[in-house]
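>>> sequence first, then the predicted structure:
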Amino acid sequence: MTVKKKTTTQPEPEPENASYYDMLVSSDVVSWLEPLRRKHHWRWRPGDLKLELRSSVSPVLPWNYTVSGREDCFLWAEIMFDNMSSKSKFQFVPEYCHGCYKVVARPKTLVQLFAIEKLQYALGRPAKCGIEVRTYTPALYGSYWYNRGLEAGKECYKAVREAVDADPVLGPDVHVYLKHACTEMERKYGDSDKWDEITDEQRKTEKLITDHIVYDPRLQDQPPHFLRHTHRRWIEWAFQNGDESYLVFTGGKPIEKPPVTYHEEDCDD
């Protein structure tokens, strides 16, 4: 009986006229992903040594993801952009994000936010809405519709603009606009119409990352108990930011009793 020798896969040096070290640096996916393991609940799983997410989903969300089918922003924005662009070597907008166009509507009050939520369900397009907790966004509330490609974005903008205009709670005064990818990407790399072209090196880097991570995409609808928690947070957010339209959802009762005041009395005696 012939016994086959056990072999292992190992990297082989490039030809003499190339730098083996440079090749290692340009494909060292362990160095790129190891910060995720240190900061979050990831592990290099024993079976195949891919990086696997081992955490639960937080119920403390500012958004209601009203219609599923939206982008897998966890992969592209959090892993590919936030993690990778923190390293000086990687300065790019992920390729998938180049094709993302969002229609944004800005409700001005909590009452309008709930009206937008209802509208998103009615339109049936991939969308989310909620409170804007980001300090660099000059708005209390936001709503987003996700589209692949500029032409799809323009078509969605027209549909949303018409629906908002016709809604008795919203109307033409609610700002609606079409933007490209995430605000965070424009903050880092400037105006989106001037972003660099996608290179083969970027595509290779992105493929190495996606080939070596394992996680469950968070694309499911929020169950009722999560949504109730989110709605409560919306109402408390409106209260703490001086939007008194929250009283519509509390039966007119303030969340906190106002203090006793004394300035109304005649203090000249």
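That came in fine, so what should we check first?
>>> what segments of the stretch 51-200 of the chain are helices?
For the stretch 51-200 of the chain, the helices defined by DSSP state H, counting those that start in this stretch cover 73, 95-98, 110-123, 150-166, 183-189, 200-211.
>>> shaky segments in the stretch 51-200 of the chain?
54-60, 70-71, 86-88 (pLDDT under 70).
>>> ok, back up a step: can you say which of the helices of the stretch 51-200 of the chain is nearest to residue 84?
Residue 84 lies closest to helix 200-211 among the helices of the stretch 51-200 of the chain, at 7.2 Å (Cβ to Cβ). Every residue, glycine included, has its C-beta placed from N, CA and C.
>>> who does whichever helix or strand comes after that closest one pair up with?
For helix 200-211, the following helix or strand on the C-terminal side (DSSP states H and E) is strand 213-214. Here strand 213-214 is paired, per DSSP bridges, with strand 51-53 (parallel).
>>> can you put the helices of the stretch 51-200 of the chain in a markdown table and add mean neighbour count?
Shown next, in a markdown table, are these (neighbours: other Cβ atoms under 10 Å):
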| stretch | mean neighbour count |
| --- | --- |
| helix 73 | 20 |
| helix 95-98 | 18 |
| helix 110-123 | 21 |
| helix 150-166 | 16 |
| helix 183-189 | 15 |
| helix 200-211 | 14 |
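>>> closest to residue 140 out of the ones you listed?
Closest among the helices of the stretch 51-200 of the chain, using Cβ to Cβ: helix 110-123, at 8.4 Å.
>>> orientation of that closest one relative to helix 150-166 in degrees?
130 degrees (axes from the mean of the first three to the mean of the last three Cα atoms, to 10 degrees).
>>> now for helix 110-123, which elements pack on it?
strand 63-67, strand 127-131, strand 141-148, helix 150-166, helix 224-240 (3 or more Cβ pairs under 8 Å, 6 or more residues apart in numbering; DSSP states H and E).
>>> CA atoms only for the helix or strand encompassing residue 24 - export them in PDB, please.
Following DSSP H and E, the helix or strand that holds residue 24 is helix 20-26. The C-alpha trace of helix 20-26 is given here as PDB (Å, rounded to 0.1, in the frame of the first residue of the first chain):
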ATOM      1  CA  TYR A  20       8.200  38.600  -2.100                       C
ATOM      2  CA  TYR A  21       7.900  40.900   0.900                       C
ATOM      3  CA  ASP A  22       5.800  43.400  -1.100                       C
ATOM      4  CA  MET A  23       3.600  40.600  -2.200                       C
ATOM      5  CA  LEU A  24       3.000  39.600   1.400                       C
ATOM      6  CA  VAL A  25       2.200  43.100   2.500                       C
ATOM      7  CA  SER A  26      -0.200  43.600  -0.300                       C
END
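>>> what element comes up after it heading to the C-terminus?
Following helix 20-26 toward the C-terminus (DSSP H and E): helix 29-39.
>>> for the helix or strand just after that following helix, packing partners?
Later in the chain than helix 29-39, the nearest helix or strand by DSSP H and E is strand 42-44. The contact analysis (3+ Cβ pairs under 8 Å, 6+ apart) places strand 42-44 against helix 29-39, strand 51-53.
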